[in-house]
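1. no FASTA, just this:
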């Protein structure tokens with residue numbers, strides 16, 4: 001089982017690979033700063049906001065539903081602290 005941070009990271013990388021674009025290109029397309037996106041995919045960012053994911057989705061031309069409708073999100077660990 002993965003946590004949300006790991007699932008989001010994996011999904012971003014998978015979508016970039018499917019489209020043949022780099023993470024830096026996604027930053028340009030989405031308007032998310034390169035440093036923010038690099039921190040997300042490297043695991044240094046511990047929480048990603050929905051608004052950031054929405055911007056990434058806009059850059060990828062997909063819906064939030066399509067982003068989260070993926071195997072990576074099927075069996076997430078409970079994150080109650």
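-> Yep, that arrived. Owing to the predicted nature of the structure, the values given are computational and were not obtained by experimental measurement.
2. Skipping its backbone neighbours, what lies nearest residue 50 in space?
-> Nearest residue to residue 50, sequence neighbours excluded (C-beta to C-beta, 6 or more residues apart in numbering): residue 64, at 7.5 Å. To be clear about C-beta, it is placed using only N, CA and C from the backbone, and glycine gets the same treatment.
3. Tell me how many other residues surround that neighbour.
-> The number of residues packed near residue 64 is 13, by other C-beta atoms under 10 Å.
4. With residue 35 as the reference, measure out to it.
-> 23 Å (C-beta to C-beta, to the nearest Å).
5. Next: residue 4.
-> Taking C-beta to C-beta, one finds residue 4 at 21 Å from residue 35.
6. These two: which has the busier surroundings?
-> residue 4 (15 against 11).
7. In contact with that one: list those residues for me.
-> Neighbour list for residue 4: 48, 76, 79 [criterion: C-beta atoms under 8 Å, 6 or more residues apart in numbering].
8. so which of the residues you listed is the most crowded?
-> Counting by other C-beta under 10 Å, top hit in the contacts of residue 4: residue 48 with 19 neighbours.
9. for that residue, helix, strand, or coil?
-> Classification of residue 48 using DSSP: H, G, I helix; E, B strand; the rest coil returns coil.
10. Can you read off the pLDDT for the nearest residue to residue 72 once chain neighbours are set aside?
-> Leaving aside its sequence neighbours, residue 72 sits nearest to residue 7 (C-beta to C-beta, 6+ apart; 4.1 Å). With respect to pLDDT, residue 7 scores 91.
11. same thing with the one 5 residues further on?
-> On pLDDT, residue 12 comes in at 97.
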